[in-house]
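coords please:
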Amino acid sequence: MTNPINFHFNGLDQTLDIQQSKLSNWIIKCIRELSKKKLDELNYIFCDDSYLLSINKKFLKHDTLTDIITFNYNTDNYINGEIYISIERVRENAIQLSQNFDIELKRVIIHGVLHLIGYDDKSREDKAKMREQEDYCITLWPEK
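Below is the predicted model:
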């Protein structure tokens, strides 16, 4: 069986050190813990600010920098989506939040999945629920 999670690097020099197999297993574990839906296909596109800004302008009509954009292609009981992540924004956010880059990257990676599962972050209460789930998923990361 092929891995339902794919990682793409748009405009990056491949210096992003992610353990794709470990990351995939973690994402799948989080989905199993938090959703009754099954994972069909998930594509992560890691990019820079300018690429994500162009996506934001074109598809969402927002002229602002962001760290993540999630496109939901779910069908009935299956999770399908594309998650675009600006590594530049994640690095900047990690610095501003005095957070470790790897932890911040995991938080953003799982944030997109949470949107696909059905979590929202429009209201203060929704943001708090989503943050709780992000924190929970980070605890599921295998240390070894």
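
quick one: the residue positioned nearest the centre of the chain from I5, how far?
The centre of the chain sits closest to I109, judged by C-alpha atoms, centre = their mean, with a distance of 2.5 Å. From I109 across to I5, the span is 10 Å (C-beta to C-beta, to the nearest Å). (Glycine included, C-beta is placed from N, CA and C.)

what residues are shared contacts of the two?
L23, I27, Y44 (C-beta atoms under 8 Å, 6 or more residues apart in numbering).

From those residues, pick the one nearest A128.
Comparing these against A128 with C-beta to C-beta places I27 closest, at 22.3 Å.

Thought L34 was touching that closest one, still the case?
No: if you go by C-beta atoms under 8 Å, I27 and L34 don't touch, sitting 10.9 Å apart.

Neighbour count: the two, which is higher?
I27 (23 against 18; other C-beta atoms under 10 Å).

so who does the more buried one touch?
Contacts of I27 by C-beta under 8 Å, 6+ apart are I5, L42, I109, I110, V113.

tell me which residues of the helix or strand of the chain with the lowest mean pLDDT are tucked away?
In the chain, the helix or strand scored least confidently by mean pLDDT, DSSP states H and E is strand 5-9, which has a mean of 92. Buried residues in strand 5-9, counted by 16 or more other C-beta atoms under 10 Å: I5, F7.

Which secondary structure elements does that strand sit against?
Strand 5-9 sits against helix 20-34, strand 38-47, with contacts defined as 3 or more C-beta pairs under 8 Å, 6 or more residues apart in numbering; DSSP states H and E.

Could you export the shortest one as CSV, CA atoms only?
The C-alpha trace of strand 38-47 is given here as CSV (Å, rounded to 0.1, in the frame of the first residue of the first chain):
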residue,chain,number,x,y,z
LYS,A,38,-10.5,7.5,7.2
LEU,A,39,-7.5,9.1,5.5
ASP,A,40,-7.6,8.8,1.7
GLU,A,41,-5.0,11.3,0.5
LEU,A,42,-3.2,14.3,2.0
ASN,A,43,-0.7,16.5,0.2
TYR,A,44,1.6,18.8,2.1
ILE,A,45,3.2,21.6,0.1
PHE,A,46,6.0,23.3,1.9
CYS,A,47,6.8,26.7,0.4
